[in-house]
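Novice: okay, predicted coordinates and the sequence, questions at the end:
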Amino acid sequence: MRRKWICALLCISFVIPFAACAVKENSSYGDGGLQKGAYKEFITVDVYDEFANYQGVQSGWFAKAVKDRFHMELNFIAPNVSGGGDTLYQTRAAAGSLGDLILINTSNGKFKELVESGLVMDCTEFIKEKEIMKHYGDAVRKTNELTQSDGIYGFPNSISSQPATVSSESLDPVFGPYIRWDYYKKAGCPEMKNLADFLDVLEQMQRLAREEEGDDDIYAVSLFRSWDYSMMNNAKQIACMYGYDEQGFILARADGQDYQNIADKDSLYIKALRFLNEANARGLVNPESVSQDYDNWLSGYDSGKVLYSPWPWAGQSTYNTASNKAAGRGFMMAAVKDMRILSYGCWPQGDSARVIAIGKGTKDPQRLADFIDWLYSPEGIEMSGQANGAAGPKGLTWDIGEDEKPVLTAFGKQALPNNPARVPEDYGGGRWDAGVSALNFRTVNLAETDPVTGYPYDYLCWESVREDTRSALDADWSSTMGADTAMEYLEQHDMLLTAPGANYSTPAEDANITTVRDQCKKTVIDYSWRMIFAPMDEFDALLTEMQHTLKGLGYDAVCSVDLKNAKDQAAAREEVAERTAEKKNP
């Protein structure tokens, strides 16, 4: 029952240490120490962002917030959208500039490579007096140890004051079987012991949805290519339901107890491909999946054309509007009895696998250092973190109520989390969802306390929101599942496997391994898609063909590197878990 009052407990645990310095934090960090009109020349900042799902100039309310404070605009260069991936990185790196602002995955020693090649700037002089170093200096310095150089070159993701063994998720896990609960109820809420049962239920739900809505273009499953990297990302999500995550071509269990080569016929990855292959054979997979990008895929949830999501946010942020929830319609987590969902632990020293940095040669490094400092401030977290669950701009989507507690405004109730509500012109106009920050970088864990409010940045944890947004859908789910939240249910039934938040990033690998890896990636992804959409009786032949092709490319050598990295990561997690235990029991 530890999760039953998770949000309240988070508030209690964070408010006490912050209470004494809340006024100081507000005054020194509320606006990032910026003066209006401090920046005379308007500039366009090229943002190379490996986590963004949008390309082009940021628009809407977040763009106006940035323009008002920094007299600049953000122009996103996004490998996820352009399809460039590593090729785009290599091309821009060879040209001598990734961008003015760089958000990047540091795996394969990339952070050290950026420093040695002169592509990122030492920010020490620009950042040393900033609030970010006062509040998060230890995490920043720890992350910069990856560069093996003196100086401050980058800033980590998801910094937290909580122990590494505590889940970083509050109400919902990052992964899980989220389905249209209304059609699951209409199907009689059948018990699902395993993936085979889950597939049967999805088939029932699709039939019921098509009958009720009179549309034959409603599908249980929809897929997209934009996030494929070492493997097909959508297929990997099934492995995450069972406590595994990727380390190159290895699936590593969160507790370090098992490692799987994804090409092995009995691996969870191949089982996931079989699951999707059978789903396609039953007519449950959107045939447009092969050509879909992220935006096309996401729009299927908004329009009610897709019934299953491997992540809570996809369906819930688009389809779970107030009116749909009031009518009992929406996406909620279902229980597949043998699942044990992967959960990421908190990162006391920050997640150094993702960093934000300033590009060498940028026109105004001090302004970008000020911007980064603001991103880690309460106001910056509230605004830029909105894409991950923060409340957005104070005064527009939320405010302090009469009882001195944070509450959503009437507009906030219409707009959050990601709805097309019209934003007042004073705040930039346009649609709310179109104006959300495209950075997709969570500077601080949103379970941390906002010193402005004394409550978590995650507005779903606020008492006022929990009370005000409890709908017919929420009540029905809670009554059926016997829990208030998905995380509470998972902990009650031992269906959660938390990976301690270790400060780990894979080291640089031999260039020959990287070359073979790139060839193997293309092979795995190509065959994965082919296996899903092939007739069921051709699946095994394609799998054998893929395995032989990989072996000929030198796949085994790459897997040896990945297995070592996976075991090193597990050791780092074990070490940070032991340190956490020592702090709890001195």
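Specialist: Received the coordinates, thanks.

Novice: and residue 361, how many neighbours does it have?
Specialist: If you count neighbours by other CB atoms under 10 Å, residue 361 ends up with 12. No exception for glycine: its C-beta is placed from N, CA and C like everyone else's.

Novice: so what's it up against?
Specialist: 96-97, 121 (CB atoms under 8 Å, 6 or more residues apart in numbering).

Novice: what's the mean pLDDT across stretch 556-572?
Specialist: Averaging pLDDT along stretch 556-572 yields 98.

Novice: list the buried ones in it?
Specialist: 558-559, 561-563, 565-566, 569-570, 572 (16 or more other CB atoms under 10 Å).

Novice: nearest to residue 447, of the residues you listed?
Specialist: Of all the buried residues of stretch 556-572, residue 447 sits closest to residue 572, with 21.9 Å by CB to CB.

Novice: and the residue nearest to that closest one when sequence neighbours are not counted, its phi and psi?
Specialist: Take residue 572 and drop its neighbours on the chain: the residue closest to it by CB to CB, 6 or more residues apart in numbering is residue 502, 3.8 Å away. Dihedral pair for residue 502: phi -90, psi 140, per degrees, to the nearest 10.

Novice: count the residues that sit near residue 502.
Specialist: For residue 502, using other CB under 10 Å, the count is 24.

Novice: how about residue 70, what does it touch?
Specialist: 34, 39, 367, 370-371, 374.

Novice: turn the buried residues of stretch 556-572 into CSV, columns for secondary structure.
Specialist: Converted to CSV, the buried residues of stretch 556-572 look like this (DSSP: H, G, I helix; E, B strand; the rest coil):
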residue, secondary structure
558, helix
559, helix
561, helix
562, helix
563, helix
565, helix
566, helix
569, helix
570, helix
572, helix
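
Novice: circling back: farthest pair within the contacts of residue 70?
Specialist: 39 and 374 (12.5 Å).

Novice: between those two, which has more neighbouring residues?
Specialist: Comparing residue 39 with residue 374 by other CB under 10 Å, the one with more neighbours is residue 374, at 27 against 17.

Novice: secondary structure class for the more buried one?
Specialist: helix.

Novice: ok, the one 10 residues further on next?
Specialist: Each residue gets one of three states, and residue 384 gets helix by three-state DSSP.

Novice: show me the helices in the stretch 301-450 of the chain, by range?
Specialist: With DSSP state H, counting those that start in this stretch as the criterion, the stretch 301-450 of the chain has helices at 312-319, 322-326, 365-375, 378-384, 410-415.

Novice: can you list the contacts of residue 70 in a markdown table and add distance to residue 68?
Specialist: Output for these, formatted as a markdown table (distance: CB to CB, whole Å):
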| residue | distance to residue 68 |
| --- | --- |
| 34 | 10 |
| 39 | 11 |
| 367 | 14 |
| 370 | 13 |
| 371 | 12 |
| 374 | 12 |
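
Novice: pLDDT-wise, which helix or strand of this protein ranks last?
Specialist: Within the chain, no helix or strand scores below helix 22-29, which has a mean of 34 by mean pLDDT, DSSP states H and E.

Novice: picking that back up, adding distance to residue 528, write the helices of the stretch 301-450 of the chain out as TSV.
Specialist: TSV is the format used below for the helices of the stretch 301-450 of the chain (distance: least, CB to CB, whole Å):
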stretch	distance to residue 528
helix 312-319	20
helix 322-326	33
helix 365-375	36
helix 378-384	34
helix 410-415	37
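
Novice: most tightly surrounded among those?
Specialist: helix 378-384 (a mean of 25; mean count of other CB atoms under 10 Å).

Novice: what count of nearby residues applies to the nearest residue to residue 146 once chain neighbours are set aside?
Specialist: Sequence neighbours aside, residue 111 is the residue nearest to residue 146 in space, at 4.8 Å (criterion: CB to CB, 6+ apart). Neighbourhood size, residue 111 [other CB under 10 Å]: 27.

Novice: which stretches in the stretch 401-550 of the chain count as strands?
Specialist: 406-408, 449-450, 455-456, 496-499 (DSSP state E, counting those that start in this stretch).

Novice: count of residues packed around residue 87?
Specialist: 12.

Novice: give the contact list for residue 376.
Specialist: Per CB under 8 Å, 6+ apart, neighbours of residue 376: 131-132, 135-136, 155, 159, 443-444.

Novice: redo that, cut-off 7 Å
Specialist: For residue 376, the contacting residues are 132, 136, 443-444, by CB atoms under 7 Å, 6 or more residues apart in numbering.

Novice: for residue 300, same thing?
Specialist: Here residue 300 is in contact with 222, 286, 306 (criterion: CB under 7 Å, 6+ apart).

Novice: now rank those residues by neighbours and give me the top one.
Specialist: Most surrounded of the contacts of residue 300: other CB under 10 Å gives residue 306, at 28 neighbours.

Novice: hang on, that residue packs against residue 224?
Specialist: No: counting by CB atoms under 7 Å, residue 306 stays clear of residue 224, with 10.9 Å between them.

Novice: can you give me the distance of the residue nearest to residue 322 when sequence neighbours are not counted to residue 224?
Specialist: Leaving aside its sequence neighbours, residue 322 sits nearest to residue 413 (CB to CB, 6+ apart; 6.7 Å). Separation of residue 413 from residue 224 (CB to CB, to the nearest Å): 30 Å.

Novice: please report phi then psi for residue 140.
Specialist: phi -60, psi -50.

Novice: and it, how many neighbours?
Specialist: Residue 140 has 24 nearby residues by other CB under 10 Å.
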